[in-house]
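Student: for reference, the sequence and a predicted model appear below.
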Amino acid sequence: MKLALIGQSLFASSCYQLFRENGHTIVAVFTIPDQNGREDPVAIAAKADNVPVFKFTRWRLKGKILPDVFEKYQSVGADLNVLAYCSQFVPMEVILYPKHQSICYHPSLLPKHRGASSINWTLISGDSKGGFSIFWCDDGLDTGPILLQKSVDLDPNETIDSLYMRFLFPEGVRSMLEAVNLIEQGQAPRLIQSEEGASYDPMLNKKELYELKLDELSGQQIHNFIRGCDTVPGAWIRIDGQMIKLFGSKRWRRPIPTKVQEITIDGK
């Protein structure tokens, strides 16, 4: 099929390579503007193959799609939009335009943990299983019908990095190809998401949201919070008045040492 790839990072560039290796045509890549003078990996990959690359700062303004942006998008003639690690808001005019519309990758087992910090909250919540969903885009936030899902058991000391690198990234890229192939074969399901057990979690983009509040949490919850923020954005506390970030948490299973150094921690 003719695919418009909308996204960024090594995840998007890996999807790009796999789609091409398996006979699909990438008619264009839509990604973010250069950051500190550096192109996104998916833009670099596409340019090397002479595939058109568009770097829109935004797709819409004041709630309306920008006409010149929409015109450029329409010109590529995609059969399907594939949103792979997409951080931008893509208007419904674009979502619904292609013959097969649009699919999106989300790193949680929807309907649980909708939102931009879903991997964090999977671990912070102490879930025993994690995974990802590939869904058909609609006008909600991670609410569209499910095309496919895959899950994995979580280690008690799992972190964002370990979960992403061992499962969410490699299996997610392979599953994006699987989803595209199912659509091409006319066999892709559309399973309506249940609202039972659905959750929307806040994006951890403000310092106060990833402050570890020791006086409000049990030992297990403290452990889950630290590993759920490891390594980004990094849980923090104040020790002796200094802001300290915490990484590499593990539950202490041995006797408490008799010789300890006392420190002053805010809230504890």
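Tutor: Sure thing, it's come through.

Student: surely residue 146 meets residue 188?
Tutor: No: Residue 146 lies out of contact with residue 188 (Cβ atoms under 8 Å); the separation is 10.3 Å. Where you see a C-beta, it was placed from the backbone N, CA and C, and this is true even at glycine.

Student: how near is the nearest residue to residue 60 once chain neighbours are set aside to residue 73?
Tutor: Setting aside the residues directly before and after it, residue 60 is nearest to residue 91 in space (Cβ to Cβ, 6 or more residues apart in numbering), at 5.0 Å. To residue 73, residue 91 is 9 Å away according to Cβ to Cβ, to the nearest Å.

Student: neighbour count: those two, which is higher?
Tutor: Comparing residue 91 with residue 73 by other Cβ atoms under 10 Å, the one with more neighbours is residue 73, at 26 against 19.

Student: residue contacts, residue 33?
Tutor: 55-57 (Cβ atoms under 8 Å, 6 or more residues apart in numbering).

Student: which one of those has the most neighbours?
Tutor: Counting by other Cβ under 10 Å, top hit in the contacts of residue 33: residue 56 with 18 neighbours.

Student: do a quick rundown of the strands in the stretch 51-200 of the chain.
Tutor: 53-55, 60-61, 64-65, 80-84, 102-106, 129-136, 146-153 (DSSP state E, counting those that start in this stretch).

Student: just checking, the residue nearest to residue 60 touches residue 65?
Tutor: Yes: at 4.3 Å, residue 91 and residue 65 qualify as touching, with contact defined as Cβ under 8 Å.

Student: quickly list what's touching both of those two.
Tutor: residue 59.

Student: report the separation between residue 215 and residue 247.
Tutor: For residue 215, the distance to residue 247 - Cβ to Cβ - is 21 Å.

Student: do residue 174 as well
Tutor: Counting by Cβ to Cβ - residue 174 and residue 247 are separated by 29 Å.

Student: among the contacts of residue 33, which one lies nearest to residue 99?
Tutor: When the contacts of residue 33 are compared for distance to residue 99 (Cβ to Cβ), residue 56 wins out at 22.3 Å.

Student: residue contacts, that closest one?
Tutor: Residue 56 touches 30, 33, 66, 69, 88, counting by Cβ under 8 Å, 6+ apart.

Student: I'd like to know which elements the longest helix belonging to the chain is packed against.
Tutor: Ranked by residue count under DSSP state H, the longest helix found in the chain is helix 170-184. Counting contacts by 3 or more Cβ pairs under 8 Å, 6 or more residues apart in numbering; DSSP states H and E, helix 170-184 packs against helix 9-21, strand 80-84, strand 102-106, strand 129-136, strand 146-153.

Student: name the residues of that helix that come out as buried.
Tutor: 171-173, 175-183 (16 or more other Cβ atoms under 10 Å).
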